[in-house]
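Engineer: Quick one, what's the 3D model for this:
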Amino acid sequence: MPLYAIHCLDKPNSLELRLTTRERHLAYVTTHPTFRMGGPYLNAEGQAVGSLIFIEAEDEAAAKAFCAGDPYGQAGLFEVVEIRPWAYAGGKLP
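Structural biologist: Here you go, the predicted structure:
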């Protein structure tokens, strides 16, 4: 199954929304069968300002469906969401 990278940037001044939605977001992604790896982008102060998620999906429509179910997306946290096919080229994974 193809891999997809989901790149998301938060709307300005939305840290509180991220924090209040975080538990539901983590429950969604970590139990979703297509989820492979992910985590937040951090600013200079170490606060989360976006997300990078890798999933396996049949196609872009399935990747969009994953995003539509994410509580962060449902809460309107993101200013930018980009979904792109991605190929692992090697290196050490966590």
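Engineer: Count residues in the vicinity of Leu77, would you?
Structural biologist: By other C-beta atoms under 10 Å, the residues close to Leu77 number 24. Quick note: C-beta positions are derived from backbone N, CA and C, even for glycine.
Engineer: Please enumerate the strands of this protein.
Structural biologist: 3-10, 35-42, 48-56, 78-86 (DSSP state E).
Engineer: Among those, which comes closest to His25?
Structural biologist: Using C-beta to C-beta as the measure, strand 48-56 is the one of these that comes nearest His25, at 8.4 Å.
Engineer: Now the closest one: average pLDDT?
Structural biologist: Taken as a whole, strand 48-56 has an average pLDDT of 98.
Engineer: Show me what counts as buried in that strand.
Structural biologist: Neighbour-count burial for strand 48-56, with 16 or more other C-beta atoms under 10 Å as criterion, is recorded at Ala48, Val49, Gly50, Ser51, Ile53, Phe54, Ile55.
Engineer: Identify the spatial nearest neighbour of the residue most central in space within the chain, chain neighbours not counted.
Structural biologist: Per C-alpha atoms, centre = their mean, the C-alpha nearest to the average position across the chain is that of Ile53, at 3.9 Å. Spatial nearest neighbour of Ile53, chain neighbours left out: Gly38 (3.6 Å); criterion: C-beta to C-beta, 6 or more residues apart in numbering.
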